[in-house]
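Novice: after the sequence you'll find the predicted model.
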Amino acid sequence: MARFADYTDRLRDMLPRTFSGYDSVEKLSLPKGAQIVSGKVRDTIDLGNQLLITTTDRISAFDRVLTTIPAKGAVLNSISGFWFERTRDIVENHMCRQVSARSMLVDRCKVLPVEVVVRGYLTGSAWRDYSAGKQVSGITLPEGMQMNQAFDQPLLTPSTKAEQGLHDEPISEEVLVSQGLVSEDLWQEIRTAALALFRRGSHMLEENGLILVDTKYEFGLLDDKLILIDELHTPDSSRFWYADTYRELFEAGEKQRKLDKEYLRQWLMEQGFQGDGEPPHIPDEVRIEVAKRYIRAYEEITGLGFDLFQEGIEAERNFLRS
């Protein structure tokens, strides 16, 4: 396990140069016909059969893009790259190569209209549904389970992919197939891949003292072949707890220690902001603290030291020139 350095001074120096997106770049020479599409936190350059996906330093909370966090894009993109390289034997993924710490060249795939959430523990929305007497994505769970209890086997809970601005809706596996969102054969392939990815992630993270609580997977098709896309085992797509205190906290009925990605949301709520009205000014010290937590997450998830401070867009410029 890496020793955790204090990057405060370097992060402070980086604040004026956080990468807010290609719309802030004066000139970026694009190949003929290429276009830039901006999402909440990602900028995608459409290159035809391939895409250059850049995870920017923008951060959103309560469905609002609020500021930039130094090194955030590099952290999230590099965590996905770390896992993509280590899971290709389970299912192929869309990554061709990492162009920089924050940018990845990927194959264009036909995105499947379903997200696959694998859950190892009864927590979050699954616990809320269970405690209200509801099924969890069409699954009836045993009576008497406790909050944060481990399932005997991981639970696979799909949801439909909603249009931007709307919420994904849970759906049972049976309804998913009967509605024709995916075929029965394809769904079984997805199911097998998702559970195998979860097992691989759980075993590797256990070595770093972490529990993979639940996570989201997305898939696509490339020449009719199943392909893993989007992101993989990042703090934005997954929930992680610390293994050394799980049993004690569970038996005491207390909240688990977790890799905390909610620091900014909590700070905003303390300022009285939950998405409506004008957001408060976010001080540099808060931005630095958020950055340090992302970096700590990278180091704990991968077991590697963080050495990804890349400035400017020269890697992307050079790639597009080539």
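Specialist: Sure thing, it's come through. All values derive from a computational prediction rather than experimental measurement.
Novice: tell me where this protein has strands.
Specialist: Under the criterion DSSP state E, strands of the chain are mapped to 35-38, 42-46, 50-55, 58-61, 64-68, 95-98, 103-107, 110-121, 150-160, 169-170, 210-222, 225-229, 238-242.
Novice: quick one, which of the ones you listed is nearest to Leu11?
Specialist: Closest to Leu11 of those, according to Cβ to Cβ: strand 64-68, at 11.7 Å. The way it works is simple: take the backbone N, C-alpha and C, and place the C-beta from them, glycine included.
Novice: what sits up against the closest one?
Specialist: 18-20, 40-41, 56-60, 264, 268, 275, 279, 282, 287 (Cβ atoms under 8 Å, 6 or more residues apart in numbering).
Novice: residues near Ile211, how many?
Specialist: As a burial measure, Ile211 scores 21 neighbours (other Cβ atoms under 10 Å).
Novice: with Ala193 instead?
Specialist: 20.
Novice: then the one 3 residues further on?
Specialist: Residues lying near Ala196 (other Cβ under 10 Å) number 14.
Novice: quick one: pLDDT of the residue nearest to Lys216 when sequence neighbours are not counted?
Specialist: In this structure, Lys216 finds its nearest non-sequential neighbour in Ser237, 4.7 Å apart by Cβ to Cβ, 6 or more residues apart in numbering. What the model reports as pLDDT for Ser237 is 94.
Novice: and for the one 5 residues further on?
Specialist: At Tyr242, the pLDDT value in this model is 97.
Novice: quick one: stretch 89-103 to chain centroid distance?
Specialist: Computed by Cα atoms, centre = their mean, to the nearest Å, the chain-centroid distance of stretch 89-103 equals 14 Å.
Novice: same check on stretch 94-111?
Specialist: Offset of stretch 94-111 from its chain centre (Cα atoms, centre = their mean): 15 Å.
Novice: try stretch 135-142
Specialist: Counting by Cα atoms, centre = their mean, stretch 135-142 comes out at 25 Å from the chain centroid.
Novice: and that stretch, which residues are buried?
Specialist: If you call a residue buried by 16 or more other Cβ atoms under 10 Å, then stretch 135-142 has these buried ones: Val136, Ser137, Ile139, Leu141.
Novice: those residues: which two are farthest apart?
Specialist: Farthest apart among these by Cβ to Cβ are Ser137 and Leu141. That separation is 10.5 Å.
Novice: report how many residues lie close to the closest residue to Met147 other than its chain neighbours.
Specialist: Distances taken as Cβ to Cβ, 6+ apart place Trp127 nearest to Met147, at 5.1 Å, with adjacent residues excluded. Here the count is done by other Cβ under 10 Å, and Trp127 has 18 residues near it.
Novice: how near is Trp127 to Pro142?
Specialist: Here Trp127 is placed at a distance of 14 Å from Pro142 (Cβ to Cβ, to the nearest Å).
Novice: mind checking how far the helix or strand of the chain with the lowest mean pLDDT is from the chain centre?
Specialist: Lowest mean confidence among the helices and strands of the chain (mean pLDDT, DSSP states H and E): strand 169-170, at a mean of 87. Distance, stretch centre to chain centre, for strand 169-170: 18 Å (Cα atoms, centre = their mean).
Novice: so that it lines up with my notes, have the first residue be 13 from now on.
Specialist: That works, and once the first residue is 13, the last one we named lands at strand 181-182.
Novice: out of the buried residues of stretch 147-154, who's nearest Arg329?
Specialist: Closest to Arg329 out of those is Ser149 (44.6 Å), distances taken as Cβ to Cβ.
Novice: name the nearest residue to that closest one, sequence neighbours excluded.
Specialist: Among residues not flanking Ser149 along the chain, Thr169 sits closest, at 3.7 Å (Cβ to Cβ, 6+ apart).
Novice: please name the residues that touch the residue lying closest to Leu244 once chain neighbours are set aside.
Specialist: Among residues not flanking Leu244 along the chain, Trp95 sits closest, at 4.0 Å (Cβ to Cβ, 6+ apart). Neighbouring residues of Trp95 by Cβ under 8 Å, 6+ apart: Gly213, Leu244, His245.
Novice: what about the residues you listed, which one has the most neighbours?
Specialist: Using other Cβ under 10 Å as the neighbour criterion, His245 leads these with 27 neighbours.
Novice: with His215 as the reference, measure out to that one.
Specialist: The gap separating His245 from His215 is 12 Å, by Cβ to Cβ.
Novice: number of nearby residues for the closest residue to Glu328 other than its chain neighbours?
Specialist: Closest residue to Glu328 apart from its sequence neighbours, by Cβ to Cβ, 6+ apart: Ser115 at 5.5 Å. Residues lying near Ser115 (other Cβ under 10 Å) number 25.
Novice: with the one 4 residues further on instead?
Specialist: Burial of Asp119 is recorded as 17 neighbouring residues (other Cβ under 10 Å).
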